[in-house]
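Peer 1: predicted model and sequence follow; I will ask about them next.
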Amino acid sequence: MKIIISNIFLLAAFSSCISLNSTGFYSLSKEEQQHVKRCNTPIKNLTADKNTYMVNAGQVKEHLKDIKHAVVYSYLSFCHSENCVSPSKAEQICKSKGYNLILISGTYENLSLVHGNAIPTLAIDPEAYGTDNYQKLNKLFYNELTGTNEKERDFGSFYVFENGTFIKTYENLNDIPSI
């Protein structure tokens, strides 16, 4: 009996670890799924609506070529550190510093909280990278987007680009210099 209870406990713990590392894409409700769409147009043609658009790094790179100064915010809805800011606050700070904000979520949980900004909500397409593990997904996406690997770029959630060229990663949005 103890073995069965122990195995059930281990299975439950293991299952929760899997869901903790998931993007949440495959566990969206039917209603939430209706608001997740593949980006089949240039990103500049998207509007800020109640939808989340699934993108890959190639699409974002193409979009960044047309923007002189941009900050790509790797947004995680569950992050509560002092360096994680709300999308609306990130949008205000970036605008005041002279940057366009590109908001890209690494997970699909609580994306309704992101909608309502002046910019479209983008999320990394897990099918494009063959994984639903948000850590692996973010690593693959940002390696491709920046043309670097994790060791070459600093830790952070804010990626600065000039005319589509990756410049630097910042941990704190307030550390990014004004233009």
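Peer 2: Sure, I can see it.
Peer 1: tell me the first helix or strand C-terminal of the lowest-mean-pLDDT helix or strand in the chain.
Peer 2: The weakest-scoring helix or strand in the chain, judged by mean pLDDT, DSSP states H and E, is helix 2-20 (a mean of 40). Using DSSP states H and E, the helix or strand that follows helix 2-20 in sequence is helix 30-33.
Peer 1: what about that next one, average pLDDT?
Peer 2: For helix 30-33, mean pLDDT is 92.
Peer 1: for this structure, which segments count as strands?
Peer 2: Using DSSP state E, the strands of the chain run over 36-38, 52-55, 69-75, 100-105, 121-124, 158-162, 165-170.
Peer 1: dump those strands to CSV, plus mean neighbour count.
Peer 2: Bear in mind the C-beta positions are built from the backbone N, C-alpha and C, glycine included. Converted to CSV, these look like this (neighbours: other Cβ atoms under 10 Å):
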stretch, mean neighbour count
strand 36-38, 14
strand 52-55, 22
strand 69-75, 22
strand 100-105, 21
strand 121-124, 25
strand 158-162, 22
strand 165-170, 17
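Peer 1: how about those strands in TSV, adding distance to I176?
Peer 2: Shown next, in TSV, are the strands of the chain (distance: least, Cβ to Cβ, whole Å):
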stretch	distance to I176
strand 36-38	29
strand 52-55	22
strand 69-75	7
strand 100-105	11
strand 121-124	20
strand 158-162	6
strand 165-170	5
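Peer 1: next up, the contacts around N133.
Peer 2: Contact partners of N133, counting by Cβ atoms under 8 Å, 6 or more residues apart in numbering, are 21-23.
Peer 1: which of these lies closest to S81?
Peer 2: For these, the minimum distance to S81 (Cβ to Cβ) is 17.9 Å, reached by N21.
Peer 1: excluding chain neighbours, what is closest to the closest one?
Peer 2: N133 (4.9 Å; Cβ to Cβ, 6 or more residues apart in numbering).
Peer 1: for that neighbour, give its distance to T23.
Peer 2: 8 Å (Cβ to Cβ, to the nearest Å).
Peer 1: cool, K97 as well?
Peer 2: 29 Å.
Peer 1: ok, these two, which is more surrounded?
Peer 2: T23 (24 against 16; other Cβ atoms under 10 Å).
Peer 1: excluding chain neighbours, what is closest to T146?
Peer 2: Per Cβ to Cβ, 6+ apart, closest to T146 is F166, 4.1 Å.
Peer 1: that neighbour contacts N143, doesn't it?
Peer 2: No. Using Cβ atoms under 8 Å, F166 is not in contact with N143, being 10.8 Å away.
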